[in-house]
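Student: Coordinates for the following, if possible.
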Amino acid sequence: MTTAVLSVLIRPLVEPRLPDWVEPLWFASKEEAIELAPRAEIGWFDFNQPGPMCEVVAAATNLKWLNSIYAGLDFLPLDLLEERGTIVTNGAGINAITIAEYVVMLMLTHAKGYRDVVRAQDRHEWLQDSPGKRELAGERVLLLGLGAIGQLVKTRLEAFDMEVVPVRRSGADGALKPDEWRGKLDAFDWVVLAVPSTPETHHMIGADELAAMKANAVLVNIARGDVVDQDALVEALQARRIEAALLDVTDPEPLPEDHPLWSLENAQITMHLSGRAQTKMFQRSADRFIANLASWHAGEPVEPRFDPALGY
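Tutor: Below you'll find the model as predicted:
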C-alpha cells in the first residue's frame, strides 16, 4: 500500500476512483495535514495561502511525489524538495483556457473603452459615441511565454486577425529568440506576458523595455507581478510613455489600498482573478491526478513535471 495524504476538498472527486493500492488519509486543516505529513508518500497539500503549504511540505519527510493544483510553486522550499528527490507535478495548463479568455477580455475591454461604457450605464447616461475606437484586427502582439497558457492566447488572438509573434529559444516558425525581442519592442502594439516567475524573468520588463515600446503599446501581464518592475511601470504610465497596462497580477498581492496603480486611468487591475473565472479547475485537477496515479504505479512519468531546480 502507498499512503497518500489528501485534502478533504477534493475527496468527492477522487475517492471513488482511487486504486486499491492507495491508502488515503484525509485532512481538513493545516494542523491535521502537518500531523499526517510524515506518513505521506504521495501528497496533495494545497491551501489558499503559501505559508501552510510550506509548513506541511517541510513536515513530509517521506514524500516521494507532491501534487498541486497551482502552476506557480516558486514559494515552496524548492531546495528541500530537490534535496529529497521529491517528484513534483503542478497545475500547469489547468486554468489555461480561462486565463487565455481573460487576456482576450482585457484587450477588448481596453480597445473598446468598455469600462467607460459600464460607468455610463451606472450613471444612466446614453453615450453618443464609443469611448474606444481601437480594433484588434491587424495589430501586432509580442507574446512572451509559449507554454500551455501562451499557446491558447496565441490561437485566440489569431482568431481576431492579430499577428502574434512569440518568443522561443529555437526562433522557429517566425518566433523571436530570447536575445532578439528587446531590440524589436517598437514594432509591437501589444506585449503579453505569460512566463513563469524565475530569476531569469524577474523584472524582465523594466524602465528600458518600457521606454522602447511604442507610445500606443499596451502591456498585458497574466504571468506574475515580479516579472515587471512595478515602480518603472507606474512611472511610465504616469508619463504616458505607453498607452496602458492590463494587470491581472501585481507585486505584492494583494495590492496595498494606497498604491498608485489603483488610481491610474490607464491601468486595469483584475486582482489575479483570471484563473478563478471558471468552475472546472478541481475536476480537471482530479482527472489529471487519477491518470497520474496509474502512471506512477506503472513506473511511468507523471505530468506535468515541475523542476524545483529551475523553479517552473
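Student: Quickly list the domain ranges of the protein.
Tutor: 2-93+278-298, 95-269 (the TED database).
Student: Would you mind checking the average pLDDT for the last one?
Tutor: Just to be clear, that refers to domain 95-269. The pLDDT scores in domain 95-269 average 97.
Student: dump the residue contacts of the residue nearest the centre of the chain.
Tutor: Using C-alpha atoms, centre = their mean, the residue of the chain that lies closest to the mean C-alpha position is Ala223, 4.7 Å off. By C-beta atoms under 8 Å, 6 or more residues apart in numbering, the contact set of Ala223 is 144-145, 193-197, 201, 249. For glycine as for every other residue, the C-beta is placed from the backbone atoms N, C-alpha and C.
Student: Got the phi and psi for Ile269?
Tutor: With angles defined as degrees, to the nearest 10, Ile269 sits at phi -120, psi 120.
Student: What is the neighbour count of the nearest residue to it once chain neighbours are set aside?
Tutor: Sequence neighbours aside, Leu247 is the residue nearest to Ile269 in space, at 5.2 Å (criterion: C-beta to C-beta, 6 or more residues apart in numbering). When neighbours are defined as other C-beta atoms under 10 Å, Leu247 has 25 of them.
Student: I figured Leu247 was touching Gln268, is that so?
Tutor: Yes. Leu247 lies in contact with Gln268 (C-beta atoms under 8 Å); the separation is 6.6 Å.
Student: Reformat the domains of the chain as JSON lines; add distance to Gly311.
Tutor: Output for the domains of the chain, formatted as JSON lines (distance: least, C-beta to C-beta, whole Å):
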{"stretch": "domain 2-93+278-298", "distance to Gly311": "5"}
{"stretch": "domain 95-269", "distance to Gly311": "5"}
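Student: in the stretch 101-250 of the chain, which spans are helices?
Tutor: 114-122, 148-158, 207-212, 230-238 (DSSP state H, counting those that start in this stretch).
Student: okay if I get those as a markdown table plus mean neighbour count and distance to Val167?
Tutor: Formatted as a markdown table, the helices of the stretch 101-250 of the chain follow (neighbours: other C-beta atoms under 10 Å; distance: least, C-beta to C-beta, whole Å):
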| stretch | mean neighbour count | distance to Val167 |
| --- | --- | --- |
| helix 114-122 | 13 | 29 |
| helix 148-158 | 20 | 9 |
| helix 207-212 | 16 | 13 |
| helix 230-238 | 18 | 19 |
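Student: Can you tell me which of those helices is nearest to Gly275?
Tutor: Closest approach to Gly275 among the helices of the stretch 101-250 of the chain (C-beta to C-beta): helix 148-158, 9.3 Å.
Student: Check which helices and strands the closest one sits against.
Tutor: Contact here means 3 or more C-beta pairs under 8 Å, 6 or more residues apart in numbering; DSSP states H and E; on that basis helix 148-158 packs against helix 96-111, strand 140-144, strand 163-167.
Student: wait, which of these is closest to Asp231?
Tutor: Across the helices and strands packed on helix 148-158, Asp231 has its closest neighbour in strand 140-144 (20.1 Å, C-beta to C-beta).
Student: Show me what that closest one pairs with in its sheet, parallel or antiparallel.
Tutor: Sheet pairing for strand 140-144, assigned by DSSP bridges, gives strand 163-167 (parallel), strand 190-193 (parallel).
Student: Check these for me and report the most buried one.
Tutor: Counting by mean count of other C-beta atoms under 10 Å, strand 190-193 has the highest mean neighbour count of these, with a mean of 26.
Student: Please work out which residues outside that one touch it.
Tutor: Contacts for strand 190-193 (C-beta under 8 Å, 6+ apart): 103, 107, 139-145, 150, 153, 162, 185, 204-205, 213, 217-223, 227-228.
Student: Would you list the buried entries among those residues?
Tutor: Burial by neighbour count, 16 or more other C-beta atoms under 10 Å: within the contacts of strand 190-193 this picks out 103, 107, 139-145, 150, 153, 162, 185, 204-205, 213, 217-223, 227-228.
Student: how about the strands in the chain?
Tutor: Listed in chain order, the strands of the chain (DSSP state E) span 2-7, 22-27, 42-44, 65-67, 87-89, 140-144, 163-167, 190-193, 218-221, 244-247, 267-269, 305-306.
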